[in-house]
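K.L.:
Sequence and computational prediction follow.
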Amino acid sequence: LEVIASVEPRIAEATRQELADQRASLKLIASENYASPAVLLTMGTWFSDKYAEGTVGHRFYAACQNVDTVEALAAEHARELFGAPYAYAQPHSGIDANLVAFWSILAHRIEAPALAEKGMKNVNELTDEDWEGLRREMGDQRLLGMSLDAGGHLTHGFRPNISGKMFHQQQYGTDPETGLLDYDAVAAKAREFKPLVLVAGYSAYPRRVNFAKMREIADEVGATLMVDMAHFAGLVAGKVFTGDEDPVPHAHVVTTTTHKSLRGPRGGLVLAQEEFASSVDRGCPMVLGGPLSHVMAAKAVALAEARQDGFRTYAQAIADNAKSLADGLMSRGAKLVTDGTDNHLVLLDVSGFGLTGRQAETALLEAGVVTNRNSVPADPNGAWYTSGIRLGTPALTTRGFGGTEFDEVADMIVDVLSQTQPGTTKAGGPSKASYVTADGVADRTHARIDEL
Ligand code: PLP
């Protein structure tokens with residue numbers, strides 16, 4: 001920090017403050033974690049200064065021999081860890097990984113057969129007219145993914161996102177009674193819509209998915225199954241999700257982030273079955289430019305960590321702790337979407353406390369409990385105010401919390417929320433943002449956090 005402070009002291013101070021804040025509060029954001037010192041240090045090296053567009057051994061820049069080592073190792077660890085035939089370590093983030101996946105599916109399913117029919121290898125060989133026709137055909141394809149309010153991600157066909165604009169899209173939801181995925185309803189929608197891409201995976205669905213069933217649905221309608229395991233990759237790596245719950249043997253293409261339950265640097269990965277490997281390998285130049293070599297190095301370190309035996313214990317503890325948190329909340333009268341969890345996250349419906357997600361999020365934050373507001377299925381308060389709070393266990397599990405601590409966390413959450421009332425707008429009407437927490441509650445919660 002001293003070196004940074006000699007150039008821009010405000011950045012050094014913000015960095016120091018970030019560490020202090022992360023230590024003084026309870027990090028329950030389901031997509032966050034604490035990467036190891038080895039991972040953090042690997043990101044701050046000279047690889048940051050290197051350009052390396054291309055693939056291992058086939059670069060558009062000179063002197064990439066060390067980046068080749070790094071990228072090959074990251075891919076090797078990913079293949080070994082997940083049992084995947086092919087891995088691509090270049091995507092800068094989860095969204096980038098999904099874009100690489102979408103475009104490689106289009107390249108494999110639409111572009112390659114069109115070129116093969118003409119005996120060509122490269123789109124540059126097409127006439128302008130044929131190229132226009134192919135572009136239109138690619139733009140005419142369909143994607144079916146989980147809706148945002150059921151727990152899907154923006155990139156799964158949400159209209160404001162590019163995935164909802166580059167594809168004709170439809171979305172599947174969850175059963176209105178149980179909040180659970182209804183595979184028969186997904187199948188019925190797929191039969192009617194006939195998507196090229198069926199996306200499975202989620203950001204805020206508190207249950208496991210049967211990927212074998214999703215593959216059956218994809219096969220029946222001729223779709224490519226793409227699973228976005230960004231949130232639960234750590235549970236797959238740690239063998240908590242096996243058999244039908246492990247997406248890797250069932251999906252054609254799997255994408256993930258490396259920084260959530262997998263506990264690596266911020267970044268993305270794509271895994272694929274052999275038939276999609278050569279198209280995914282063209283992520284650069286299809287979607288990406290120069291890879292972040294320093295981050296790929298940190299991915300290799302994090303994946304090596306995840307291959308150690310201790311990671312399985314960690315992954316199991318994530319799931320056990322989520323259950324303790326869910327049980328602790330429900331035993332104190334809180335309402336959870338799907339009445340529980342069997343993954344790493346809990347979706348708490350705060351309407352039972354008379355609050356919006358926004359009010360609950362800020363009241364908890366003031367007390368030192370960091371969560372994020374989240375829509376619940378068919379949310380009456382929309383995506384901004386919401387009616388839910390999403391809670392995840394990966395970060396605090398890294399800090400060594402177990403069932404007893406998570407029960408205490410549940411108690412603090414219920415204490416804060418039950419002592420918080422909605423505020424009023426300036427005009428005196430009911431507000432969806434402001435709130436009043438009873439005196440002393442935030443202070444006593446901070447004191448309890450200090451004790452943990
Ligand atoms: N996919 C899923 C399921 C996610 O939850 C997220 C992030 O929250 C992403 C993709 C995007 O990841 P990133 O923020 O790294 O682009």
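P.N.:
Yes, it's here.
K.L.:
Now the stretch 51-200 of the chain against the ligand: closest residue?
P.N.:
Here the residue of the stretch 51-200 of the chain nearest the ligand is residue 94; by C-beta to the nearest ligand atom that distance is 2.3 Å. The C-beta positions use only the backbone N, C-alpha and C, and glycine is treated the same way.
K.L.:
List the residues that contact the closest residue to residue 48 other than its chain neighbours.
P.N.:
Distance criterion C-beta to C-beta, 6 or more residues apart in numbering; nearest residue to residue 48, sequence neighbours excluded, is residue 294 at 4.3 Å. Residues in contact with residue 294 (C-beta atoms under 8 Å, 6 or more residues apart in numbering) are 42-48.
K.L.:
Mind giving me the PyMOL select for these, buried ones only?
P.N.:
Buried subset of the contacts of residue 294, written as a PyMOL selection, criterion 16 or more other C-beta atoms under 10 Å:
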select buried, resi 42+43+47
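K.L.:
of the contacts of residue 294, closest to residue 201?
P.N.:
For these, the minimum distance to residue 201 (C-beta to C-beta) is 25.8 Å, reached by residue 43.
K.L.:
Pull the contacting residues for that closest one.
P.N.:
Here residue 43 is in contact with 265, 294-295, 297-298 (criterion: C-beta under 8 Å, 6+ apart).
K.L.:
Which of these ranks first by neighbour count?
P.N.:
With neighbours defined as other C-beta atoms under 10 Å, the most crowded of the contacts of residue 43 is residue 298; it has 30 neighbours.
K.L.:
is it fair to say that one lies in a strand?
P.N.:
No: Residue 298 is assigned helix when assessed by DSSP: H, G, I helix; E, B strand; the rest coil, not a strand.
K.L.:
Quick one, grab the pLDDT at it.
P.N.:
We have a pLDDT of 98 for residue 298.
K.L.:
same check, this time on the one 4 residues further on
P.N.:
We have a pLDDT of 98 for residue 302.
K.L.:
repeat for residue 364
P.N.:
pLDDT for residue 364: 98.
K.L.:
Name the spans of the stretch 251-400 of the chain whose pLDDT lies under the cut-off.
P.N.:
Of all residues in the stretch 251-400 of the chain, none has pLDDT under 70.
K.L.:
Near the ligand, which residues of the stretch 101-250 of the chain are found?
P.N.:
Contact residues, the stretch 101-250 of the chain versus the ligand (C-beta under 6 Å from any ligand atom): 153, 155, 201, 203, 228, 230-231.
K.L.:
try 5 Å this time
P.N.:
By the rule C-beta under 5 Å from any ligand atom, the part of the stretch 101-250 of the chain lying against the ligand is 153, 203, 228, 230.
K.L.:
most neighbours, which of those residues?
P.N.:
residue 228 (29 neighbours).
K.L.:
Show me what it bridges to in the sheet.
P.N.:
For residue 228, the beta-bridge partners are residue 201, residue 255 (DSSP bridges).
K.L.:
ranges for the strands of the stretch 151-300 of the chain?
P.N.:
168-172, 197-201, 224-228, 253-257, 268-272 (DSSP state E, counting those that start in this stretch).
K.L.:
Adding distance to residue 142, write those out as TSV.
P.N.:
Shown next, in TSV, are the strands of the stretch 151-300 of the chain (distance: least, C-beta to C-beta, whole Å):
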stretch	distance to residue 142
strand 168-172	5
strand 197-201	7
strand 224-228	11
strand 253-257	16
strand 268-272	21
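K.L.:
Pull out the buried positions in stretch 79-92.
P.N.:
79, 81-82, 84, 86-92.
K.L.:
what's residue 406 in contact with, if anything?
P.N.:
Residues near residue 406 by C-beta under 8 Å, 6+ apart: 321, 324-325, 328, 393, 396.
K.L.:
can you do 6 Å?
P.N.:
321, 324-325 (C-beta atoms under 6 Å, 6 or more residues apart in numbering).
K.L.:
which of these tops the neighbour count?
P.N.:
The most crowded member of the contacts of residue 406, judged by other C-beta under 10 Å, is residue 325 (28 neighbours).
K.L.:
what's the spacing between the nearest residue to it once chain neighbours are set aside and the ligand?
P.N.:
Leaving aside its sequence neighbours, residue 325 sits nearest to residue 406 (C-beta to C-beta, 6+ apart; 4.4 Å). Spatial separation of residue 406 from the ligand under the definition C-beta to the nearest ligand atom, to the nearest Å is 22 Å.
K.L.:
Quick one, grab the pLDDT at residue 406.
P.N.:
98.
K.L.:
phi, psi of it?
P.N.:
phi -70, psi -30 (degrees, to the nearest 10).
K.L.:
who touches stretch 227-246?
P.N.:
81, 94, 200-201, 203, 208, 210, 212, 247, 251, 254-257, 260-262, 306, 311-312, 315-316, 319, 343.
K.L.:
And for stretch 58-75, what's in contact with it?
P.N.:
50-54, 56-57, 87, 89, 293, 296-297, 299-300.
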